[in-house]
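Asker: With the input below, show me the fold.
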Amino acid sequence: GFVVGHAGLYQALAMFVVAYFIIGMTVLSVCAIATNGALDAGGAYYMISRALGPEFGGSIGIMFFLANVCGSALYVLGLVEAVVDSFGIPPGQKAGTGVHVLPQSYWYELLYGTVLLALCLVVCLVGASIYAKATFLIFLIVAGVLGTILISFFATQPIRVPIRLPHFNGSETENGSFTGFSLATLRDNLGGGYGVDYTTGQVMSFSSVFAVMFNGCTGIMAGSNMSGDLKRPSYSIPRGTISAVLFTYLIYNLLAFLMCATCNRTLLQKDYGFLRDISIFPPLVTVGIYAATLSAAMSNLIGASRILYALARDDLFGRALALAKKTSASGNPVMAVILSWLVVQLVLFSGKLNTIAGVVTTFFLLVYATVNLACLALEWASAPNFRPTFRYFTWHTCLLGIAGCCVMMFLISPVSASASLGFLLLLLLALHYLSPSSTWGYISQALIFHQVRKYLLMLDVRKDHVKFWRPQMLLMVQNPRSSARLIDFVNDLKKSGLYVLGHVELQDLDTLPSDPLQPQQDSWLSLVDKLNVKAFISLTLAPSVRHGVRQLLFTSGLGGMRPNTLVLGFYDDAAPQDGLARHSAFTSAREEVPLGFPPLRAPAAPKLLSAREYVGIVADALKMLRNVLLARQLESLDKAWELRRAASPPPTIHVWPVNLLRPDSARYADTCSLFLLQMACVLNMARAWRRARLRLFLCVEAGAMPHAQEEKLRQLLKDLRIQAQIQLVPWDTVTRLHWQTCRGPPGGPAGAVEEEEEDGSVNFPVNATQVSDEYVCAANKLVLEQSPAPAVRFLYLPRPPADTSLYPLYLHQLELLTRGLGPTVLVHGVSAVTSTQL
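Answerer: Okay, the predicted model is just below:
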């Protein structure tokens, strides 16, 4: 009557359509989730938490608990309103007459609500079985009352109904009319006629009336809230919920039509208990109203207790809800019931039904939207194990349900909707950082997998362009204990590209009972988490390190995301140091180093690979058109100290883009030099290295027009948008040593140079024998003399010689060149990585 009296028949029917469209979409989602596996206590909370994970589940669980608590208070207040209408002393009278014996005031009505709530508490404390019997009895009573009401519309003669209304000087009386079936009455009630709600004194609107009406539709979760008490929840919830929704929708529409055709607007707006006045047996209507509201109050109270119990049992809030775990001998969560009752009692202090209707509706709509979201996520994730036996839903119905809930939330009460979403966000953040990890499975992982697979298929390597090149690193790690700072350094070099930590285990699977790499995965993943690097793990078994690196270069990555750059630690005789134990990730948090990594190799113990094999790995990578970085003494790089020291000038990055082992062909604009420049620039762009300054060294000889070379290099840097300071370095004394000791390879001309054929293939130079150790030491001294000492140096890495017998000599000269330089990266690039185009 309240809805039809204010909104009229057309708008009332529209409200029913909107409300039942929203709950209809939600019911389809509930049925889908409920039939996809075994359900436990908690209803919607259980469904959402197991689908969306603990953060969403816990947040929505609290919201749904509050919605049920407020809903229970709402129905208790509605029952108090009905009791006072029937038995309250009329306004303006000091003493009651007949059945009107109950005093009316805020405190008296609070007392009546407390007594009625205590009755609900007793039923819920006894247990679910007595609640089920009580609700079935109430259903029979309500059905009987409904039958008499429908008969009354046809059997009752037209009458005038006197209505007493409160007034500032006492009370006043108006007359409402029951006209019987009348076309004129129906015509008058078709349109809206919003007036003042006599219980609150507020002017009604579409949204406020919808908020009150929607509370009559929120019982769709009553069955699912009892999921832990049902024998076959997956069978009962879909059938019971759908039949209940269809039944109530038909009854509401029928009642709305009959009221509009027989009752004038005054009666509908001014007397919410008018059905008693037109009934053929008025006391039965009173019993029906009491039974219906009492049933709804109990339903919400027991639903709230089951949600609270499920939240407590899942330990999402730790000790805060520990008390709610306690149950009776029969398994009834009595402490959860008592705690829920206490919260409902607090809400009763709000006083009036329509005051909290908007808040309750907002909470329920938010929960319904999340149920739809959970079903949508499961459907979009396309997980093979999402196979609900209920199939009458699609992602379209889920999306429509979410949209409908969100729109109606803000139409009903923008303030309540915004506050609810803000509260939900705070709960999400708190649970994300504070709640323990769960074993329920995270839908986010399934969704991420689904999207990543889709976008990887869209990532077409044929559309790669040099403008959008980025380094994609494969760092080979023998033991993380000695490579912690190198792992951290390469993480700064990747520039949002792929980063893979590779490891080769020297074993033969044929001789092993199982894969030895699987138990190691957790240790490596924990290492990545602790070091806070964005890297993947790739482990392999191989008979030798070289074969293992080949495997990883061939197989690491997926689609268009494959490593284009191989990073190796330097091969020397230095004893390995345990940098992991000294890393800030473990020293600051006082945490133990992750177990699972073997102790470091003793200095006297043999190495896992020879010098020849190490250089062979470099040669293999270049043949496979991978760029190569060799990192020496990176474990001595204290990045935090280098970059945060207050001393001026800021730390520097020294860049030597000339091949120091090829003084006869010193060029600054070849592919390798440009790649070296690019890597130094990428490091400088990393957030941790932005304070550092690039310093580029231009080696010049007397009479070689150094200023012209400097200007040409400056223009190149300008075209590449690289900010660096250029420093001229005379190196006549160094090159003189080269020309004095220059000797060609056996059987070949002196000064043989690297040549690149037209088809792109490369002849390996054998000129490593052309430079003497004396020259290399002089070049090392030249680099070392440039002060102040930098945080890190980038040097040109020449190609290994074609003659594999010269590999040890090649490695020996690299060791001489980088000896004592501190953190140094030797770089060889084989792909064009810089662009001057827009």
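
Asker: Following the record's annotation, map out the domains of this structure.
Answerer: Here the domain parsing of the chain from the TED database is 1-434, 463-741+770-828.

Asker: ranking these by burial, who's on top?
Answerer: Neighbour counts (mean count of other Cβ atoms under 10 Å) averaged over each of these peak at domain 1-434, with a mean of 19. All C-beta atoms are positioned from the backbone trio N, CA, C, and that covers glycine.

Asker: measure it end to end?
Answerer: 48 Å (Cα to Cα, to the nearest Å).

Asker: per-residue confidence averaged over that domain?
Answerer: In this model, domain 1-434 has a mean pLDDT of 82.

Asker: circling back: export the domains of the chain as CSV, with columns for distance to T834.
Answerer: Shown next, in CSV, are the domains of the chain (distance: least, Cβ to Cβ, whole Å):
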stretch, distance to T834
domain 1-434, 41
domain 463-741+770-828, 5
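
Asker: now for those, which one comes closest to S444?
Answerer: domain 1-434 (6.4 Å; Cβ to Cβ).

Asker: Dump stretch 114-124 to CSV, restricted to CA.
Answerer: Written as CSV, here are the backbone C-alpha positions of stretch 114-124 (Å, rounded to 0.1, in the frame of the first residue of the first chain):
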residue,chain,number,x,y,z
THR,A,114,13.9,-5.3,22.2
VAL,A,115,11.3,-7.8,23.4
LEU,A,116,10.5,-8.9,19.9
LEU,A,117,14.2,-9.2,19.0
ALA,A,118,14.7,-11.3,22.1
LEU,A,119,12.0,-13.7,20.8
CYS,A,120,13.9,-14.0,17.5
LEU,A,121,17.1,-14.6,19.6
VAL,A,122,15.5,-17.5,21.5
VAL,A,123,14.4,-19.2,18.3
CYS,A,124,17.9,-18.8,16.6
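
Asker: related to what we said a few turns ago, quick one, which of the domains of the chain gets closest to Q445.
Answerer: Of the domains of the chain, the one closest to Q445 (Cβ to Cβ) turns out to be domain 1-434, at 8.8 Å.

Asker: Now do that closest one: distance to the chain's middle.
Answerer: Here the centre of mass of C-alpha atoms in domain 1-434, compared against the chain's by Cα atoms, centre = their mean, to the nearest Å, lies 32 Å away.

Asker: Next: stretch 548-559.
Answerer: 30 Å.

Asker: residues in contact with that stretch?
Answerer: With contact meaning Cβ atoms under 8 Å, 6 or more residues apart in numbering, stretch 548-559 is reached by 456-457, 459, 461, 472, 474, 476, 498, 500, 502, 504-506, 538, 540-542, 562-563, 566, 617, 620-621, 624, 626.

Asker: Ok, stretch 252-266 next?
Answerer: Against stretch 252-266 from outside (Cβ under 8 Å, 6+ apart): 1, 3-5, 8-9, 12-13, 16, 149-150, 153, 163, 174-182, 185-186, 188-190, 193, 216, 268, 274, 278.

Asker: quick one: which of those sit in strands?
Answerer: Counting by DSSP state E, the part of the contacts of stretch 252-266 found in strands is 163, 174-178.

Asker: Looking at those residues, which two lie furthest apart in space?
Answerer: Top of the distance list for the ones in strands among the contacts of stretch 252-266 (Cβ to Cβ): E174 and F178, 14.1 Å.
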